[in-house]
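[1] here is a sequence with its predicted model. Questions after.
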Amino acid sequence: MKEIKLQKYLQECGVASRRDIRQWIHDGRFQVQGRVVTDPNFPVRFPGDTVHLNGRLLKLAPQGKSYFAFNKPVGVVSTLADPEGRPTVGAYIGRIRERVYPVGRLDFNSDGLMLLTNDGDLANFILSARNGVPKTYLLKVKGALAETTRQRLERGMFLEGERLNPFTIEEVKMTGSGNSWLRVTINEGKKHILRKAFKYSGHPVEKLRRVAIGTLTLGRLPLGEWRELRDEEVEAFKKAYRYGEPRSGKSEGKKGKSEGRKREEKRKRE
């Protein structure tokens with residue numbers, strides 16, 4: 001028998017996306033051993049404890065970790081369900097046996113690489129800005145990028161009162177109509193950051209395709225198709241970005257252990 005935090009347990013069981021799980025816990029939709037729990041760090045003993053969602057017993061067990069690359073088409077919402085009835089990623093991955101979820105978002109009018117996984121820890125790592133995992137895009141923008149504009153973007157411009165992290169920009173080619181294809185790498189995930197920055201700079205984005213997340217690349221994967229990542233691809237990614245290595249100081253570590261002991265003592269008293 002082992003003990004695991006409620007949120008992590010639910011993620012490893014593939015109950016829902018990390019975002020939905022946190023919201024559902026906050027809303028009091030889960031019960032552990034018959035008790036409503038609103039703390040995502042509440043310890044669950046597995047096997048042993050019963051977990052219910054809205055009163056229904058979850059007959060799920062933690063899955064093995066699975067990782068897939070998906071080439072999202074334009075006009076597809078980067079979630080598994082959409083209240084407006086638009087096409088979603090979920091419609092394309094029915095043949096994947098594992099319960100996996102998209103990591104992050106890729107906007108409706110963009111295409112390209114999405115990572116699908118049931119590994120909540122790795123998903124959180126990629127999404128956390130402090131880890132600086134770069135994302136690379138191919139952009140078609142209106143007109144030719146002036147050198148002064150390029151330098152401003154590569155230094156880190158101000159947008160909506162906030163300074164952006166520097167972009168890395170590589171010119172790919174010019175089109176016959178005088179527009180530009182660029183390869184742009186960023187290491188932050190603000191919503192529509194590329195579209196906003198280039199529009200503000202006088203070069204609206206006409207097409208946007210994500211081609212890489214860190215060392216994971218889109219390659220020749222056709223639109224609307226997925227493939228399982230090879231073990232060596234996942235390991236190379238983890239090694240490149242030092243995934244799993246300690247990043248916090250000793251004081252934080254002591255604090256974490258102290259809080260863990262307090263939760264355990266509270267549980268024993270109950």
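    Arrived safely.
[2] alpha carbons only for contacts and neighbour counts from here, please
    Noted.
[3] do you know how far L216 is from E233?
    7 Å (CA to CA, to the nearest Å).
[4] neighbour count winner among the two?
    Neighbours per residue, other CA atoms under 10 Å: of L216 and E233, the larger number sits with L216, 18 against 14.
[5] list the contacts of the longest strand seen in the chain.
    For the chain, the strand that runs over the most residues, judged by DSSP state E, is strand 205-213. For strand 205-213, the surrounding residues in contact (CA atoms under 8 Å, 6 or more residues apart in numbering) are 109-113, 133-142, 194-195, 198-199, 217-219.
[6] and that strand, average pLDDT?
    The average pLDDT within strand 205-213 is 98.
[7] tell me the strands beside it, with direction?
    Using DSSP bridges, the strands paired with strand 205-213 are strand 111-117 (parallel), strand 135-141 (antiparallel), strand 216-217 (antiparallel).
[8] before we move on, back to that, the contacts of strand 205-213, buried ones only, as a ChimeraX selection?
    Buried subset of the contacts of strand 205-213, written as a ChimeraX selection, criterion 16 or more other CA atoms under 10 Å:
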select :110,111,112,113,133,134,135,136,137,138,139,140,141,142,194,195,198,217,218
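[9] what about stretch 214-230, start to end distance?
    Across stretch 214-230, the terminal residues are separated by 15 Å (CA to CA).
[10] tell me the buried residues in it?
    Using 16+ other CA under 10 Å as the test for burial, stretch 214-230 gives 214-218, 224, 226.
[11] CSV for the residues you listed, including distance to Q23?
    As requested, the buried residues of stretch 214-230 are arranged in CSV below (distance: CA to CA, whole Å):
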residue, distance to Q23
G214, 28
T215, 31
L216, 29
T217, 31
L218, 31
G224, 29
W226, 28
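[12] closest to G55 among the residues you listed?
    Relative to G55, the closest of the buried residues of stretch 214-230 is W226; by CA to CA it sits at 34.9 Å.
[13] skip the chain neighbours and tell me the closest residue to the closest one.
    Counting by CA to CA, 6 or more residues apart in numbering, W226 lies nearest to F70, which is 4.2 Å off, once chain neighbours are set aside.
[14] from what I can see, the one you found looks like it's in a strand, true?
    Yes: judged by DSSP: H, G, I helix; E, B strand; the rest coil, F70 forms part of a strand.
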